[in-house]
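Novice: would you be able to build a 3D model of this:
(one chain, ligands or ions: 1)
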Amino acid sequence: MKTLIEPFKVKMVESIKQTTEPERNQFLKEAHYNPFLIKAENILIDFLTDSGTGAMSDQQWAAMMQGDESYAGSKSFYRFESTVKEIMGYKHVIPTHQGRAAERILFGVALKKGDMVPNNTHFDTTRANVEYNEAEAVDLVIPEGKIPEKIHPFKGNMDLNKLEEFLAKHHQSVPLGMITITNNSGGGQPVSMENIRETSRIYKKYKIPFYIDCCRFAENAFFIKKREKGYENKSILEISQEMFSYADGCTMSSKKDGMVNIGGFLAMNNDDLALQARNMLILTEGYISYGGLAGRDLDALAVGLKEVMHEDYLQYRIRTAEYMGEKLLEAGINIIQPTGGHAVYIDAKSFYSHLPPTQFPGQVLVCELYKKGGIRGVEIGSLMFGKKDKQTGEEIPAPMELVRLAFPRRVYTQSHFDYAIETIIETYKDRENAQGLKITWEPPFLRHFTAKMAPV
Ligand code: F0G
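Specialist: Residues are numbered from 1 along each chain as shown. So this is what the prediction gives:
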């Protein structure tokens, strides 16, 4: 059959509320044109993030009933630990409440002032946690990874020549190296097995421990299976095990490919570092066998990590983004190509070619999609990454003006996606009437979350 169906049926439903365009106009005004400030009950389809927004399976809910809430050494912890060891293969498994807590602990024990950490592209919390330790986060993705319309099967790959050059010069200041799979900040783009292997070889040559930011490891493994020679007959588990075998540890946000609503972990082989990390964990997250989570959360995760590797799920998952991408391209709308694993990224600069970056075309598109159809996405452009000139106070725009529509796992169906596609196309037809935005108030950091805006 040619029709690809959602590989699940629905057992429990959550209503979503229809609102009218005038109501949405009012909500948007009250939220100061920043959809982060709109109440979720007034959103029809929420593509703000794929993080912690997925639906758990009956098996996960059943596992939660077996949660062992013992403070130390719970059965839930051992079930979680053995699953992580089976997939990732590392000796020490340290649970945390989410991904950035794993990052904070790892960098807190491994980095010192003046150090440098290479990566294909640091996710923003990863970068912020490196910088918080007064170290420098260095992005070395291949050049193709920065050109939205450039087609490449593994646009998340590390630029190996640049990495080699960088380490030849700076290896003494690099206490650990990373790679992010899939590369979220570059469009959810995968990294090839060959590139992971070569990245590992270069880090090894300089005796630098290698950590994988593996939030979306199963999506990455699926792309390897589909696009890299020699992997077509391997299982997602085998591919994942091989990816992890090249590294010394990983940081994980379980809110993505852990298929749960909260959780994360840090895993590694180094005994010394693990000891320090566990000491830090006890100080800030919780005891070593729960790390800020309930026993039942660890059980849901132990099941989720296995479910995410089912190929019919991954096929539906990756095809969803591809399908939306195809429909938008047919309508003449530019997106990051090819579509990645968890989201579609629309190029708002060409969508609203009449709006200069100083009028935040990405944020305008986010607002217009909400107004037109009650859809919420997120701006990844000059509101998120723009800076102010220290002398003149003038806005320095970001290199790209993107809108990310990220897809919660197992939540929306084909008709939700068709509705979203129609909304985007209708918004595109109406593009000439869109008005720019200006910032009326902003906080000192990470302004996109809470900034207030108004039409220019
Ligand atoms: N690394 C990557 C690649 C991520 O995408 C995220 C989160 C994190 C680390 C941090 O994990 O949220 O559990 O603390 N990304 C979310 C997103 C927030 O919307 O892309 P966390």
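
Novice: ok, now which ones touch the spatially closest residue to Ile425 that is not a sequence neighbour?
Specialist: What sits nearest to Ile425 in space, not counting adjacent residues and going by C-beta to C-beta, 6 or more residues apart in numbering, is Ala331, at 4.7 Å. Where C-beta positions appear, they are placed from N, C-alpha and C, glycine not excepted. By C-beta atoms under 8 Å, 6 or more residues apart in numbering, the contact set of Ala331 is Ile424, Ile425, Tyr428.

Novice: looking at those, which are in helices?
Specialist: Cross-referencing the contacts of Ala331 against helices under DSSP state H gives Ile424, Ile425, Tyr428.

Novice: for the contacts of Ala331, which entry has the maximal number of neighbours?
Specialist: Ile424 (27 neighbours; other C-beta atoms under 10 Å).

Novice: from Phe407, how far off is it?
Specialist: For Ile424, the distance to Phe407 equals 14 Å [C-beta to C-beta, to the nearest Å].

Novice: how about Gly230?
Specialist: Counting by C-beta to C-beta, the gap from Gly230 to Phe407 is 29 Å.

Novice: report how many residues lie close to whatever residue of the stretch 151-300 of the chain ends up closest to the ligand.
Specialist: Nearest residue of the stretch 151-300 of the chain to the ligand: Ser253, at 3.2 Å (C-beta to the nearest ligand atom). Using other C-beta under 10 Å, Ser253 is surrounded by 27 other residues.

Novice: for it, phi and psi?
Specialist: phi -100, psi 110 (degrees, to the nearest 10).

Novice: before we move on, what about Leu405?
Specialist: Per degrees, to the nearest 10, the backbone of Leu405 is at phi -110, psi 100.

Novice: excluding its backbone neighbours, what's nearest it?
Specialist: Phe47 (4.0 Å).

Novice: Ala55 now?
Specialist: Arg410 (4.5 Å).

Novice: ok, now which ones touch the one you found?
Specialist: So Arg410 contacts Glu6, Phe8, Gly54, Ala55, Ser57, Met259, Tyr313 (C-beta under 8 Å, 6+ apart).

Novice: hmm, back to that, okay, the residue of the stretch 151-300 of the chain closest to the ligand and Asp139: tell me how far apart.
Specialist: 19 Å.

Novice: one more: Ala221?
Specialist: 23 Å.

Novice: ok, and which of the contacts of Ala331 reach the ligand?
Specialist: With C-beta under 6 Å from any ligand atom as the criterion, the contacts of Ala331 include none near the ligand.

Novice: adding pLDDT, write the residues you listed out as CSV.
Specialist: Output for the contacts of Ala331, formatted as CSV (pLDDT from 0 to 100):
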residue, pLDDT
Ile424, 98
Ile425, 98
Tyr428, 98
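
Novice: closest to Gln391 out of these?
Specialist: Checking the contacts of Ala331 against Gln391 by C-beta to C-beta gives Tyr428 as the nearest, at 38.3 Å.

Novice: quick check, pLDDT for the residue most central in space within the chain.
Specialist: Geometric centre of the chain, nearest residue: Asn184, 4.7 Å, by C-alpha atoms, centre = their mean. Listed pLDDT for Asn184 reads 92.

Novice: just checking, it touches Phe123?
Specialist: Yes - contact criterion C-beta atoms under 8 Å: Asn184 and Phe123 qualify, at 5.2 Å.

Novice: common neighbours of the two, please.
Specialist: Common neighbours of Asn184 and Phe123 (C-beta under 8 Å, 6+ apart) are Cys215.

Novice: on that earlier part again, where's the residue nearest to Leu405 relative to Glu23, distance?
Specialist: To Glu23, Phe47 is 20 Å away according to C-beta to C-beta.

Novice: who has more neighbours, those two?
Specialist: Set Phe47 next to Glu23 and count neighbours by other C-beta under 10 Å: Phe47 wins out with 26 against 13.

Novice: contact partners of the longest helix along the chain?
Specialist: Selection of the longest helix in the chain by residue count, based on DSSP H, yields helix 311-330. The list of residues contacting helix 311-330 from outside it, by C-beta under 8 Å, 6+ apart, reads 4-7, 188, 218-219, 222-223, 225-226, 236, 307-308, 335, 337-344, 346, 405, 407, 409-410, 417, 420-421, 424-425.

Novice: again, only this time at 7 Å
Specialist: 4, 6-7, 218-219, 222, 236, 307, 335, 339-341, 343-344, 346, 407, 417, 421, 424 (C-beta atoms under 7 Å, 6 or more residues apart in numbering).

Novice: which of the three states applies to the residue nearest to Pro408 when sequence neighbours are not counted?
Specialist: Closest residue to Pro408 apart from its sequence neighbours, by C-beta to C-beta, 6+ apart: Thr53 at 3.8 Å. Following DSSP: H, G, I helix; E, B strand; the rest coil, Thr53 is assigned to coil.

Novice: what about Thr53, neighbour count?
Specialist: Neighbours of Thr53 using other C-beta under 10 Å come to 18.

Novice: contacts only, for it.
Specialist: Counted by C-beta under 7 Å, 6+ apart, Thr53 has contacts Asp46, Pro408, Val411.

Novice: for these, which one is nearest Ile196?
Specialist: Pro408 (27.2 Å).

Novice: residue of the stretch 101-250 of the chain closest to the ligand, please.
Specialist: Closest point on the stretch 101-250 of the chain to the ligand, by C-beta to the nearest ligand atom, is Phe123, at 3.5 Å.

Novice: for the stretch 251-400 of the chain, what lies in contact range of the ligand?
Specialist: So the stretch 251-400 of the chain meets the ligand at Ser253, Lys255, Gly264 (C-beta under 6 Å from any ligand atom).

Novice: one step back: can you verify my assumption that the residue nearest to the centre of the chain contacts Thr125?
Specialist: No - Asn184 is beyond contact range of Thr125, at 10.4 Å (criterion: C-beta atoms under 7 Å).

Novice: who touches both of the two?
Specialist: By C-beta under 7 Å, 6+ apart, no residue touches both Asn184 and Thr125.

Novice: who's the closest residue to the ligand within the stretch 351-456 of the chain bridged to?
Specialist: Proximity of the stretch 351-456 of the chain to the ligand (C-beta to the nearest ligand atom) peaks at Ala406, 6.0 Å away. Bridge pairing for Ala406 (DSSP bridges) gives the partners Ala343.

Novice: got the contact list for the residue nearest to Asn261 when sequence neighbours are not counted?
Specialist: Spatial nearest neighbour of Asn261, chain neighbours left out: Gly52 (4.8 Å); criterion: C-beta to C-beta, 6+ apart. Residues in contact with Gly52 (C-beta under 7 Å, 6+ apart) are Lys255, Asn261, Ile262.

Novice: neighbour-wise, which of Gly230 and Phe407 wins?
Specialist: Counted by other C-beta under 10 Å, Gly230 and Phe407 do not tie: Phe407 has more neighbours, with 26 against 9.

Novice: right, and the more buried one touches Val344 too?
Specialist: No - look at Phe407 against Val344 with C-beta under 7 Å: they stay out of range, at 8.2 Å.

Novice: which helix or which strand is home to Leu440?
Specialist: Not quite, residue 440 is Thr, not Leu. strand 437-441 (DSSP states H and E).
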